[in-house]
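>>> Sequence below, structure please.
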Amino acid sequence: MHSTVKSWSKPLRRLSQALLLIGLCALLGSQSVLALNDGQQLVLESWALVNESYLEPEKFHEVNWKRLRQKALEKQISNSQEAYSAIESILLPLGDPYTRLLRPEDYKALKASNLGSEINGVGLQLGARSEDGQIVVIAPLEGSPAADAGVVSGTELLKVNDQSPNILGLEATAARLRGETGTQVLVTLKSPNGEIKEITLERRSVDLRPVRTKRLRNESHTLGYLRITQFSEGVPEQVNEALQELLEKDIEGLVLDLRNNSGGLVSSGLAVADAFLSGEPIVETKNRDGINDAIPSGIDTLYDGPMLTIVNDGTASASEILAGALQDNGRSQLIGSQTFGKGLIQSLTNLSDGSGLAITVASYLTPKGRDIQGVGLMPDRLLDIPEPLNPGSLDDRWLQDAELLMGANLDLNKEEKEVVNETEFVTEPEETKDPNI
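Next comes the predicted model:
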């Protein structure tokens with residue numbers, strides 16, 4: 001498995017944190033290490049992790065980073081909830097919604113989604129819009145209450161049970177949407193066309209089913225269809241099995257569907273890219289030291305035939321890494337609509353009390369050096385709007401367009417090969433001499 005960010009070994013990392021905590025406490029002067037309670041230790045642990053690896057350390061000077069730590073510890077911290085509030089008060093001035101505390105239940109839910117299991121909630125994948133930090137819907141999960149209610153990518157989330165997501169923050173907003181099956185939540189939404197409405201969504205168990213496949217057949221061609229809805233832990237293996245199954249059915253081309261794939265584990269996205277590329281670069285990462293690490297694909301591929309890739313504004317993060325690699329290396333055309341534009345990478349660290357900390361530790365560039373943060377990827381061919389609401393269904397016009405375009409490309413390639421073959425067998429007539437000369 002490729003590594004996207006250089007890191008120390010776990011024991012050395014923990015030792016360094018312990019030493020840093022001791023040093024921090026010494027600097028505080030009024031408190032010794034032994035005098036700190038568990039909540040204060042948690043605050044210092046979180047501060048140290050961010051201080052060690054955050055992508056943009058220049059922001060520390062802007063927000064008076066050390067003073068934020070001091071102010072947090074001056075407040076009463078006698079339980080976990082007070083510690084969590086103190087940590088959030090430290091992180092908020094950074095202005096990065098992706099660097100965030102995950103309380104134990106939220107951390108558990110995020111890890112479960114990364115494993116590709118079921119989740120309980122309304123099925124909204126959320127992100128922060130780069131230009132203003134507004135919490136927006138990256139994509140609804142297929143078959144979820146939100147998808148059934150017609151919520152689409154780009155919808156702004158204005159309220160959750162009368163609470164503002166801008167005040168709650170990204171993770172707390174997501175937590176408010178999760179809950180036991182059968183319970184309800186009232187949300188206020190602003191659609192991409194400006195319409196504001198309130199809807200009540202009933203939470204239920206949503207099967208993530210990250211990999212879906214089928215064969216597409218018409219009078220002229222047999223194609224494979226592979227849809228990936230997120231990059232969780234088991235996805236690379238599932239993709240490998242799906243490709244082998246499709247190849248056994250003698251497909252002539254492949255349609256890869258990354259619509260409404262909001263990302264997930266970067267390592268899974270890299271592994272899937274490796275299945276389609278041979279020796280070409282997949283992505284470059286840039287850490288806080290400004291070092292670009294080009295991550296190449298392996299030589300062997302699982303599928304090297306013709307392919308098209310469908311994307312939309314719900315295609316984000318790890319799925320944009322994959323789409324950008326395919327586009328920049330000339331491996332696949334992108335069709336659909338412009339992608340979301342999340343070009344930041346977070347590390348996820350478990351804290352000592354079972355909570356977690358997500359920290360933005362790197363940004364990424366496509367193989368041709370494109371930074372897509374807040375911009376996204378522009379497809380080679382834009383497809384007609386409105387976009388179909390049910391990707392992969394019988395009435396999915398974009399999939400029908402992909403089939404037609406793939407068929408046309410296959411026919412063109414066949415004609416070009418026939419012309420080349422005919423040329424190879426054409427010989428110049430022997431030169432004749434006139435005997436009268």
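>>> Can you get me a residue count around Glu241?
12 (other Cβ atoms under 10 Å). For the C-beta atoms, the positions are set from N, CA and C on the backbone; glycine is no exception.
>>> And for Gln81?
Number of residues near Gln81 (other Cβ under 10 Å) recorded here: 11.
>>> and if you look at Ser393?
Ser393, neighbours per other Cβ under 10 Å, totals 10.
>>> And it, its phi and psi?
phi -80, psi 170 (degrees, to the nearest 10).
>>> roughly how far apart are it and Lys214?
Using Cβ to Cβ, to the nearest Å, Ser393 is found at 11 Å from Lys214.
>>> try Ile228
Distance check for Ile228 against Lys214: by Cβ to Cβ, it reads 13 Å.
>>> Counting neighbours around each, name which of these two comes out higher.
Ile228 (26 against 14).
>>> For beta bridges, what are the partners of the more buried one?
Beta bridges link Ile228 to Val211 when assigned by DSSP bridges.
>>> need the contact list for it.
For Ile228, the contacting residues are 210-211, 235, 239, 256-258, 261, 272, 319, by Cβ atoms under 8 Å, 6 or more residues apart in numbering.
>>> List just the nearest of these to Glu58.
Within these, proximity to Glu58 (Cβ to Cβ) peaks at Ser319, which comes in at 29.4 Å.
>>> Can you tell me the SS state at that closest one?
Of the three states, Ser319 takes helix according to DSSP: H, G, I helix; E, B strand; the rest coil.
>>> Kindly state the pLDDT recorded for the residue nearest the centre of the chain?
Among the residues of the chain, the one closest to the centroid is Gly263, at 2.0 Å (Cα atoms, centre = their mean). Gly263 carries a pLDDT score of 89 in this model.
>>> Quick check: it touching Leu322?
No - the pair Gly263 / Leu322 is not scored as a contact, 9.8 Å apart, by Cβ atoms under 8 Å.
>>> shared neighbours of those two, anything?
Gly269.
>>> which stretches of the protein form helices?
Secondary structure of the chain by DSSP state H: the helices cover 10-28, 38-53, 58-63, 65-74, 80-91, 104-114, 145-148, 165-168, 170-177, 235-247, 266-276, 318-328, 397-425.
>>> Most tightly packed of those?
Of all those, helix 318-328 carries the top mean neighbour count, a mean of 27, counting by mean count of other Cβ atoms under 10 Å.
>>> CA-only coordinates of it in PDB, if you can.
This file holds the C-alpha atoms of helix 318-328, laid out as PDB (Å, rounded to 0.1, in the frame of the first residue of the first chain):
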ATOM      1  CA  ALA A 318      -9.900  10.500  -3.000                       C
ATOM      2  CA  SER A 319     -12.200  10.100  -6.000                       C
ATOM      3  CA  GLU A 320     -10.800  13.300  -7.500                       C
ATOM      4  CA  ILE A 321      -7.300  11.900  -7.000                       C
ATOM      5  CA  LEU A 322      -8.300   8.900  -9.100                       C
ATOM      6  CA  ALA A 323     -10.100  10.900 -11.700                       C
ATOM      7  CA  GLY A 324      -7.300  13.400 -12.000                       C
ATOM      8  CA  ALA A 325      -4.700  10.600 -12.500                       C
ATOM      9  CA  LEU A 326      -6.800   9.000 -15.200                       C
ATOM     10  CA  GLN A 327      -7.300  12.300 -17.000                       C
ATOM     11  CA  ASP A 328      -3.700  13.600 -16.700                       C
END
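>>> Which one of the helices of the chain lies nearest to Glu284?
Counting by Cβ to Cβ, Glu284 lies closest to helix 318-328 out of the helices of the chain; the figure is 10.2 Å.
>>> Without its sequence neighbours, what residue ends up closest to the residue nearest to the centre of the chain?
Ser317 (2.7 Å; Cβ to Cβ, 6 or more residues apart in numbering).
>>> same question, Ser78
Spatially, and ignoring its direct neighbours in sequence, Ser78 is nearest to Gly39 (6.4 Å; Cβ to Cβ, 6+ apart).
>>> out of the helices of the chain, which comes closest to Tyr98?
helix 170-177 (7.2 Å).
>>> these two touch, right, Glu180 and Ile119?
No - applying Cβ under 8 Å as the test, Glu180 and Ile119 come out as separate, 11.9 Å apart.
>>> Who has more neighbours out of those two?
Taking other Cβ under 10 Å, Glu180 and Ile119 do not tie; Ile119 has more neighbours (19 against 10).
>>> need the contact list for the residue nearest to Gly263.
262-264, 266, 269, 340, 342, 344.
>>> Next, give phi and psi for it.
As for Ser317, its main-chain torsions (degrees, to the nearest 10) stand at phi 60, psi -120.
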